[in-house]
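Participant: here's a sequence, model it:
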Amino acid sequence: MGLISSILLLPLAPVRGVLWLGEVIQDQVEQTLHDPATIRRELEEIDEAAAAGRLSEDEKEKAQQAVLDRMIRPGGGTAPAGGSENL
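Facilitator: Below is the predicted model:
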């Protein structure tokens, strides 16, 4: 039965390969987003932009909070509407 099912499922091999590749890419992106060095660099870039006058104090705080939220939240992403702003 294993040989027959392998032969019948052979046309799906490219689809399985694409799905596997997507999972590998997703894992790599998540590791990069949650890497402490990446987070530190992003926070430094925000500070530099604020020091150069490209960001207001409010924009700086929002950008820093977004980076920290991504670090704290397991899935990353953005805060839900009305999330941390109302705390």
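
Participant: for the chain, which segments are assigned as helices?
Facilitator: 2-9, 13-33, 36-51, 57-72 (DSSP state H).

Participant: lowest average pLDDT across these?
Facilitator: Among the helices of the chain, helix 2-9 carries the lowest mean pLDDT, a mean of 84.

Participant: let me know the angle separating that helix from helix 13-33.
Facilitator: 80 degrees (axes from the mean of the first three to the mean of the last three C-alpha atoms, to 10 degrees).

Participant: re the thing from before, got the helices of the chain as JSON lines, with mean neighbour count columns?
Facilitator: Quick note: C-beta positions are derived from backbone N, CA and C, even for glycine. Listed next are the helices of the chain as JSON lines, based on neighbours: other C-beta atoms under 10 Å:
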{"stretch": "helix 2-9", "mean neighbour count": "9"}
{"stretch": "helix 13-33", "mean neighbour count": "10"}
{"stretch": "helix 36-51", "mean neighbour count": "13"}
{"stretch": "helix 57-72", "mean neighbour count": "14"}
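
Participant: now do stretch 16-34: distance to the chain's middle.
Facilitator: 11 Å (C-alpha atoms, centre = their mean, to the nearest Å).

Participant: export it to PDB, keeping only CA atoms.
Facilitator: Taking Å, rounded to 0.1, in the frame of the first residue of the first chain, the C-alpha atoms of stretch 16-34 are listed here in PDB:
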ATOM      1  CA  ARG A  16       4.400  19.900  -0.400                       C
ATOM      2  CA  GLY A  17       7.800  21.400  -1.400                       C
ATOM      3  CA  VAL A  18       6.300  24.900  -1.700                       C
ATOM      4  CA  LEU A  19       4.600  24.600   1.700                       C
ATOM      5  CA  TRP A  20       7.800  23.400   3.400                       C
ATOM      6  CA  LEU A  21       9.700  26.300   1.800                       C
ATOM      7  CA  GLY A  22       7.100  28.700   3.100                       C
ATOM      8  CA  GLU A  23       7.400  27.300   6.600                       C
ATOM      9  CA  VAL A  24      11.200  27.600   6.500                       C
ATOM     10  CA  ILE A  25      10.900  31.200   5.300                       C
ATOM     11  CA  GLN A  26       8.400  32.000   8.000                       C
ATOM     12  CA  ASP A  27      10.600  30.600  10.700                       C
ATOM     13  CA  GLN A  28      13.500  32.600   9.500                       C
ATOM     14  CA  VAL A  29      11.600  35.800   9.400                       C
ATOM     15  CA  GLU A  30      10.200  35.200  13.000                       C
ATOM     16  CA  GLN A  31      13.800  34.500  14.200                       C
ATOM     17  CA  THR A  32      15.000  37.700  12.600                       C
ATOM     18  CA  LEU A  33      12.200  39.800  14.000                       C
ATOM     19  CA  HIS A  34      12.700  38.600  17.500                       C
END
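
Participant: many thanks, I have nothing further to ask.
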